[in-house]
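Chemist: Starting from these lines, generate the structure:
(one chain, ligands or ions: 1)
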Amino acid sequence: MTSFFIPTETLQIRIFTHLKINALQCNVNAGTYKVLADGQQVAESKGESIFKMTLKNDSIELLQNEKIIGSFKYIKFTGEDLGELKVKLLNPDRKIRTYQNNLSFAVNENYLRLINEVILDNYIAGVTEAEAGSRSTQEFYKVQAILARTFALAHINKHVIEGFSLCDQVHCQAYYGKPKDLTIFNAIEYTKGKVVVDDNLNLIVAAFHSNSGGQTANSEDVWGSKTNYLRSINDSFSVKMPNARWERKMLTEDWLTYLKLKHNYPTEIDEAKNIALNFKQDARKVFLECNNTKVPLKNIRLDLQLKSTFFSISEINKDSILFRGRGYGHGLGMCQEGAMKMCKLGYKYTDILNFYYKNIQLIDMSKLNFFKDE
Ligand SMILES: [Zn+2]
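Modeler: So this is what the prediction gives:
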């Protein structure tokens, strides 16, 4: 069993991961911060100062209220638990965001690299808003908070080789700093420490998607590996929600050429052609198939950028076809729109998790043996 570090205090989250940052501004929004540069304290601030950092050669030039403090390799703003900082990227230009707890700045591959050293629950709050939106119900926030915590702990070492825990992109979990809806912190507190485990007490892969179209998918049909908790279920809660249905027109010739060239599907055979032009799914299928040729629907979805694999095809006229699809996303685990509907109908977060994930338990993360060092 691998030993596991329990992040009761802080996580290292790389922020603005996808951007090549050359210059930014930073000021204290709450609390008192010490500014450390290459290990020495160079300033202290309660919000009266604006700090500007600009990449010059392979160092960071630090200014306090337009006065140069110096050039450094590594700058860290370290504050008390309730501290928060406002960060405004100047190059590239981006809107102000608020980050809680500590922030560090270093030069990495010719650009500035920002790491938010953040208390776990503050990070979970930010992810909850990024994933659930800022106008949701408390009950839905609770569900997303538990999934965000489960994902964070299960993937805590995802970027360890690069020197941080998780990035702030969907590659890990979307995180844009402190949430705007402060009631999210109530949902975090209410679900404090709770994570979802499978029947072997392993943290689950907390997959979710926008809309299931009325039926969720099996993990082996999407990701290739079977789990006891990502099982296909009928989901009536999602069917009247905004992303339940979609349509896409396509030229018949384009569709058949795609199948032939990309998948060697035998479109020259009438029977095969007929199947391809009148493909139907009442329940989720995994392949478009004819005799020995099986085309994975997940590949079709990816190649044609369809909202889901849960589609049927009909001919509109001799030149074109219509994809009529259900749902949005990979279809695994929780359907967000269905879960929101369940919240409206009065279901609790525990009902929702047990509906969308099978054979699971909710436990406190401190009870997991494998958190402890061996
Ligand atoms: Zn990542």
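
Chemist: what are the ranges of the strands in the stretch 251-374 of the chain?
Modeler: Applying DSSP state E, counting those that start in this stretch to the stretch 251-374 of the chain gives strands spanning 287-290, 293-296, 311-315, 320-326, 334-335, 361-364.

Chemist: So which of those is nearest residue 128?
Modeler: Distance to residue 128, taken as Cβ to Cβ, is lowest for strand 334-335 among these, at 13.5 Å. Quick note: C-beta positions are derived from backbone N, CA and C, even for glycine.

Chemist: what ranges do the strands span in the stretch 1-150 of the chain?
Modeler: Counting by DSSP E, counting those that start in this stretch, one finds strands in the stretch 1-150 of the chain at the ranges 10-15, 23-30, 33-37, 40-45, 51-56, 59-64, 67-72, 74-79, 84-91, 97-100, 102-108, 111-119.

Chemist: May I see the ones you listed organised as a markdown table, with mean neighbour count and mean pLDDT added?
Modeler: A markdown table is the format used below for the strands of the stretch 1-150 of the chain (neighbours: other Cβ atoms under 10 Å; pLDDT from 0 to 100):
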| stretch | mean neighbour count | mean pLDDT |
| --- | --- | --- |
| strand 10-15 | 22 | 95 |
| strand 23-30 | 20 | 96 |
| strand 33-37 | 20 | 96 |
| strand 40-45 | 14 | 95 |
| strand 51-56 | 19 | 97 |
| strand 59-64 | 18 | 98 |
| strand 67-72 | 14 | 97 |
| strand 74-79 | 20 | 95 |
| strand 84-91 | 19 | 97 |
| strand 97-100 | 22 | 97 |
| strand 102-108 | 19 | 96 |
| strand 111-119 | 21 | 97 |
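
Chemist: Export those strands as TSV, with columns for distance to the ion.
Modeler: What follows is the strands of the stretch 1-150 of the chain, written out as TSV (distance: least, Cβ to the ion, whole Å):
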stretch	distance to the ion
strand 10-15	8
strand 23-30	21
strand 33-37	26
strand 40-45	31
strand 51-56	23
strand 59-64	24
strand 67-72	27
strand 74-79	22
strand 84-91	19
strand 97-100	17
strand 102-108	15
strand 111-119	13
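
Chemist: and residue 65, how many neighbours?
Modeler: Summarising burial for residue 65: neighbours were counted as other Cβ atoms under 10 Å, giving 12.

Chemist: That one touches residue 45, doesn't it?
Modeler: No. Under the contact definition of Cβ atoms under 8 Å, residue 65 does not touch residue 45, with a separation of 9.9 Å.

Chemist: before we move on, the earlier item: pick the most deeply packed of the strands of the stretch 251-374 of the chain.
Modeler: Of all the strands of the stretch 251-374 of the chain, strand 334-335 carries the top mean neighbour count, a mean of 28, counting by mean count of other Cβ atoms under 10 Å.

Chemist: quick check: longest helix of the protein.
Modeler: Of all the segments of type helix in the chain, defined by DSSP state H, the longest one is helix 138-154.

Chemist: in that one, what's buried?
Modeler: If you call a residue buried by 16 or more other Cβ atoms under 10 Å, then helix 138-154 has these buried ones: 139-154.

Chemist: which element follows it toward the C-terminus?
Modeler: Tracing the chain C-terminally past helix 138-154 and defining elements by DSSP states H and E, one meets strand 166-167 next.

Chemist: Remind me what that following strand packs against, helices and strands.
Modeler: The contact analysis (3 or more Cβ pairs under 8 Å, 6 or more residues apart in numbering; DSSP states H and E) places strand 166-167 against strand 10-15.

Chemist: Check the offset of the strand it packs on from the chain's centre.
Modeler: Averaged C-alpha coordinates place strand 10-15 at 15 Å from its chain's average position (Cα atoms, centre = their mean, to the nearest Å).

Chemist: sorry, back to before: of all the strands of the stretch 251-374 of the chain, which lies closest to residue 207?
Modeler: strand 334-335 (7.6 Å).

Chemist: what's the closest one in contact with?
Modeler: With contact meaning Cβ atoms under 8 Å, 6 or more residues apart in numbering, strand 334-335 is reached by 143, 147, 207-212, 216, 235, 237-238, 327, 352-353, 356-357.

Chemist: try it again with 10 Å
Modeler: Outside strand 334-335, the residues within contact range by Cβ atoms under 10 Å, 6 or more residues apart in numbering are 143-144, 147, 206-216, 230, 233, 235, 237-238, 241, 243-244, 327-329, 341-342, 352-353, 355-357.
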